[in-house]
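S.K.: Output the structure for:
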Amino acid sequence: MSSNDTSVLTDSCSGFIDGENICLPTLKLPFYFAMRQDLFDGVSDTVLALAAPVVAYWTLSLLFHCLDVSGWKWLDKYRIHQSEEVTSRNRASRTEVFWAVVLQHTIQTVLGYAWFAEIPRVSPTACYNQMAVVAKTLVRVTRIVLGSPTADAFLQHRGSDITHWLYWWGIPALQFLLALFIIDTWQYFLHRLMHTNKFLYKQLHSVHHRLYVPYAFGALYNHPLEGLILDTCGAAVAEYLAGLSVRQAMFLFAFSTCKTVDDHCGYSFPCDPLQMFTTNNADYHDIHHQSIGIKSNFSQPFFVHWDVILGTRLTRKQIEERRQKVKTT
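M.R.: Next comes the predicted model:
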């Protein structure tokens, strides 16, 4: 039988492939999924998706701000800059930064509400319909790779487990990684353009670089138009192209926000999980905010592959080598 004329059943069958039919596995929900339209009663998932990045931003920023004003001496060895430099070298007051970020959050929330105007229903039927697509694709691809007899024999015993894993874990993970790649790509090339184009830098991006010494709640201190194009639109494009659900988008927005705040926090902690798994961290981005690195380290917020591939990566070691070379000439 061909995969094109295979139908999908949810009833009990003798195996994954039963004659002309594919039998879906029992709908076993993973720990992260709730079979209801909204995660919390009285609060729609749309509201949660829009609130998540805002709450994440100010919660993490407040944590770092408390560290900034704590006066704890043990923090000095982790600070990238001394606290006094924030006021002496930055050309924007904390009040200006605060209100600029509030404006950006307002714009992204209003536009986001329109973006998530219609949310697909969450139901067992919807899950089964989506799982059916996964099952049919699995059968089709496996038959192409292994040939029909071998593929059918393999899927008869493993097809149900593979379909379940793909639907609940494999595909969502790939979607999330794709979304990260899209955000990195979007931000790298637009960020680099805003530095190489004098008009864009002067009119838009120079606002962000008034913070010569970055700090946490200044992460989204931008010109409103830059914030719209670089951050809000970048997240929306990633969510759309990766095919994320509202709940997946909720996690992506919160995670990317935390990463952005952490990249501007001004601390290089050895045990910070957001700085441990990628070299694109607070120290890496701090180089970009300095005069010596302003034409380098455009990658943000996750990985540095575009800087490496296109030759715009600058490390502390390279900076020291440059300085030593200047001293010896």
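S.K.: buried stuff in stretch 151-164?
M.R.: By neighbour count, with 16 or more other Cβ atoms under 10 Å as the criterion, the buried positions of stretch 151-164 are 151-152, 155, 159-160, 162-164. No exception for glycine: its C-beta is placed from N, CA and C like everyone else's.
S.K.: go on, stretch 164-183?
M.R.: Neighbour-count burial for stretch 164-183, with 16+ other Cβ under 10 Å as criterion, is recorded at 164, 166-168, 172, 175-176, 179-183.
S.K.: Out of these, the closest to T279 would be?
M.R.: Out of the buried residues of stretch 164-183, the one with the shortest distance to T279 is L180. That distance is 14.9 Å, counting by Cβ to Cβ.
S.K.: helix or strand right after the host helix or strand of the closest one?
M.R.: Under the criterion DSSP states H and E, the helix or strand holding L180 is helix 171-196. The helix or strand immediately downstream of helix 171-196 is helix 198-203, counting by DSSP H and E.
S.K.: got the contact list for that following helix?
M.R.: Counting contacts by Cβ atoms under 8 Å, 6 or more residues apart in numbering, the residues outside helix 198-203 that touch it are 193-195, 223.
S.K.: Kindly report the same for stretch 154-170.
M.R.: In this structure, residues lying in contact with stretch 154-170 by Cβ under 8 Å, 6+ apart are 15-17, 22-25, 28, 30, 33, 127, 130-131, 134-135, 138-139, 142, 146.
S.K.: Kindly export that stretch (C-alpha atoms) in CSV.
M.R.: The C-alpha coordinates for stretch 154-170 follow below in CSV (Å, rounded to 0.1, in the frame of the first residue of the first chain):
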residue,chain,number,x,y,z
PHE,A,154,10.2,-1.4,11.9
LEU,A,155,7.3,1.0,12.4
GLN,A,156,5.0,-1.8,13.5
HIS,A,157,6.9,-2.0,16.8
ARG,A,158,8.5,1.4,17.1
GLY,A,159,6.2,3.7,15.1
SER,A,160,3.9,4.6,18.1
ASP,A,161,6.8,5.6,20.4
ILE,A,162,8.6,7.5,17.7
THR,A,163,5.4,9.4,16.7
HIS,A,164,4.8,10.3,20.4
TRP,A,165,8.4,11.5,20.8
LEU,A,166,8.4,13.5,17.6
TYR,A,167,5.1,15.2,18.4
TRP,A,168,5.8,16.1,22.0
TRP,A,169,9.6,16.6,22.1
GLY,A,170,11.5,16.3,18.8
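S.K.: Just the mean pLDDT for that stretch, thanks.
M.R.: For stretch 154-170, the mean pLDDT works out to 92.
S.K.: from the chain's centre, how far out does stretch 293-305 sit?
M.R.: Relative to its chain's centre, stretch 293-305 lies at 15 Å (Cα atoms, centre = their mean, to the nearest Å).
S.K.: where's the residue nearest to L146 when sequence neighbours are not counted, which helix or strand?
M.R.: In space, not counting the residues next to it along the chain, L146 is nearest to F154; the distance is 6.6 Å by Cβ to Cβ, 6 or more residues apart in numbering. Using DSSP H and E, F154 falls within helix 148-165.
S.K.: ok so, going back, keep only those of the contacts of stretch 154-170 that are in helices.
M.R.: 127, 130-131, 134-135, 138-139, 142, 146 (DSSP state H).
S.K.: Which of those sits closest to I229?
M.R.: Using Cβ to Cβ, Q130 is the member of the ones in helices among the contacts of stretch 154-170 that lies nearest I229, at 32.5 Å.
S.K.: re the thing from before, distance check, the residue nearest to L146 against W169.
M.R.: The gap separating F154 from W169 is 20 Å, by Cβ to Cβ, to the nearest Å.
S.K.: can you check S268 too?
M.R.: Look at S268 and W169: by Cβ to Cβ, they are 33 Å apart.
S.K.: do D272 as well
M.R.: Per Cβ to Cβ, D272 is found 27 Å from W169.
S.K.: Over to T312?
M.R.: As judged by Cβ to Cβ, T312 and W169 stand 35 Å apart.
S.K.: Could you do D18 as well?
M.R.: In this structure, D18 and W169 are 25 Å apart, going by Cβ to Cβ.
S.K.: so the residue nearest the centre of the chain is in which element?
M.R.: Ranked by distance to the mean C-alpha position of the chain (Cα atoms, centre = their mean), the top residue is S256 at 4.0 Å. Secondary structure from DSSP H and E places S256 in helix 246-263.
S.K.: Which parts of the very next helix or strand once past that helix count as buried, going by neighbours?
M.R.: Per DSSP H and E, helix 246-263 leads on to helix 273-276 as the next helix or strand towards the C-terminus. Residues of helix 273-276 classed as buried by neighbour count (16+ other Cβ under 10 Å): 274-275.
S.K.: No further questions, thank you.
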